[in-house]
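# Next input, structure requested:
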Amino acid sequence: MAVFNIIHITKYKYNLPIKESINEIRLFPHNFENQDVLQYQLLISQNPHVALTNDYHGNRVGNFNTLEAHTEMTIESRMLVRVNHSLKIPEIDDTKVDDLNLYNDIYLLRLCYPETIKKQDEIDAILKEIDYENKSIIHIAFDCSQYIYTNFTYTKGITNIETTVDEILGHRKGVCQDFAHVLLQLLRTAGIPSRYVSGYICPNESGLRGEGATHAWVEIYTPKQGWLGIDPTNNIWTMDNHVKLSVGINFDDCTPVKGTFKGISKQTLSVCVSIGYEDGRHFEEINDVELQKNSIEFQQQLDYAEQQQQ
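Here you go, the predicted model:
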């Protein structure tokens with residue numbers, strides 16, 4: 001069991017005034033079976049009203065707008081979270097895909113549909129190589145994760161949220177977001193209900209890849225144990241230092257911040273993730289990136305995600 005004090009600050013700056021900024025955020029860690037939110041506070045510049053709803057996947061979603069002209073927008077999310085993933089370490093489970101009975105559950109059925117891609121034959125070949133037809137759901141998931149960990153190279157800066165599974169299979173490089181999407185394609189092709197997870201991986205002495213920034217992994221569903229998290233970037237089942245924000249079919253369902261504004265301004269983005277521990281240790285990572293696109297109505301989602309999902 002671990003308790004983390006996480007502060008996530010997203011700051012946009014514009015070289016010319018912009019207006020009618022309309023935004024949607026998924027920065028609310030809600031209470032899951034193995035995660036308790038002890039405190040939460042959301043601070044947004046100019047203090048707009050935030051309308052809260054739950055989406056199809058059960059994520060808490062905030063919508064707000066700032067209509068008047070402004071040259072800066074800051075979104076600060078503060079949370080105190082207690083995590084106990086040790087409760088969800090997979091038990092011995094011989095359930096196979098053929099044992100699943102999903103016809104009465106539309107949600108799980110949807111999470112079994114793989115994306116239509118050009119290189120599906122490569123996905124099929126990987127599954128054949130690991131002999132998935134003769135294994136349980138748990139073993140298929142771990143073997144697929146291990147294949148990605150062994151055969152794909154963790155490399156920052158060569159992909160973004162528009163990078164397709166076909167492209168990732170082509171160069172076999174990427175970051176956590178890319179590996180999660182490849183794992184989803186493998187698992188869904190095998191017939192296993194699986195979903196994308198966005199959250200944080202808090203630094204520890206083991207030096208896991210992707211620590212400090214927002215992170216991505218995958219959850220699989222088994223009838224006996226429910227949702228189990230597996231992290232292909234590090235080839236591990238999720239641990240006490242994985243803090244979950246949101247879940248969905250893919251990254252699009254979990255984007256932390258997305259929105260539009262009116263203006264011809266160039267914008268810059270700064271993201272700071274600060275993580276505090278019970279023993280007094282503290283970790284902070286700050287990233288600055290210039291967003292090159294100018295438009296009358298510009299969607300902020302793309303470059304935010306490029307910066308965050310590392």
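# Buried ones in stretch 236-252, by neighbour count?
Neighbour-count burial for stretch 236-252, counted by 16 or more other C-beta atoms under 10 Å, picks out 236-251. Backbone N, C-alpha and C define where each C-beta goes, glycine included.
# So which of those residues belong to helices?
Assigned to helices by DSSP state H, none of these qualify.
# which one of these is nearest residue 51?
Distance to residue 51, by C-beta to C-beta, is smallest for residue 246 among the buried residues of stretch 236-252, at 17.0 Å.
# show me what contacts the closest one?
Residue 246 sits next to 26, 57, 59, 197-199, 253-254 when contact means C-beta atoms under 8 Å, 6 or more residues apart in numbering.
# and it, what are its bridge partners?
Residues in a beta bridge with residue 246, per DSSP bridges, are residue 198.
# Residue 116: how many residues sit nearby?
By other C-beta atoms under 10 Å, 7 other residues sit near residue 116.
# Just the pLDDT for it.
pLDDT recorded at residue 116 is 95.
# shaky segments in the stretch 101-250 of the chain?
By pLDDT under 70, the low-scoring segments of the stretch 101-250 of the chain are 203-207, 210-213.
# can you map out the helices along it?
106-110, 120-129, 137-151, 165-171, 176-190 (DSSP state H, counting those that start in this stretch).
# next one: the third one to chain centre, how far?
The chain centroid and the centroid of helix 137-151 are separated by 19 Å under C-alpha atoms, centre = their mean, to the nearest Å.
# Give me the contact list for it.
90, 93, 95-97, 100, 126-127, 129-130, 132, 135, 172, 179, 182-183, 186-187, 190, 192, 194, 218, 220, 222, 228, 230-235, 237.
# Check these for burial and list the buried ones.
Using 16+ other C-beta under 10 Å as the threshold, 90, 96-97, 100, 126-127, 130, 132, 135, 179, 182-183, 186-187, 190, 192, 194, 218, 220, 222, 228, 230-235, 237 are the buried ones among the contacts of helix 137-151.
# Quick check, central residue of this structure?
Nearest to the mean C-alpha position of the chain, by C-alpha atoms, centre = their mean, lies residue 198 at 2.1 Å.
# What about the contacts of helix 137-151, which are in strands?
194, 218, 220, 222, 228, 230-231, 237 (DSSP state E).
# which of those sit farthest apart?
Within the ones in strands among the contacts of helix 137-151, 222 and 231 form the most distant pair, 17.0 Å apart (C-beta to C-beta).
# Let's see the pLDDT reported for the closest residue to residue 60 other than its chain neighbours.
Of all residues not flanking residue 60 in the chain, residue 28 sits nearest, at 3.7 Å (C-beta to C-beta, 6 or more residues apart in numbering). Residue 28 is assigned 92 on the pLDDT scale.
# In the chain, which strand is the longest?
Assignment by DSSP E gives strand 2-25 as the longest strand of the chain.
# wait, isn't residue 163 in contact with residue 173?
No: with contacts counted by C-beta atoms under 8 Å, residue 163 stays clear of residue 173, the gap being 10.1 Å.
# give the contact list for residue 274.
Residue 274 is in contact with 6-9, 282-285, counting by C-beta under 8 Å, 6+ apart.
# Mind putting those residues into JSON lines with neighbour count and distance to residue 63?
Formatted as JSON lines, the contacts of residue 274 follow (neighbours: other C-beta atoms under 10 Å; distance: C-beta to C-beta, whole Å):
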{"residue": "6", "neighbour count": "20", "distance to residue 63": "22"}
{"residue": "7", "neighbour count": "16", "distance to residue 63": "22"}
{"residue": "8", "neighbour count": "22", "distance to residue 63": "18"}
{"residue": "9", "neighbour count": "16", "distance to residue 63": "20"}
{"residue": "282", "neighbour count": "9", "distance to residue 63": "32"}
{"residue": "283", "neighbour count": "16", "distance to residue 63": "31"}
{"residue": "284", "neighbour count": "11", "distance to residue 63": "29"}
{"residue": "285", "neighbour count": "14", "distance to residue 63": "27"}
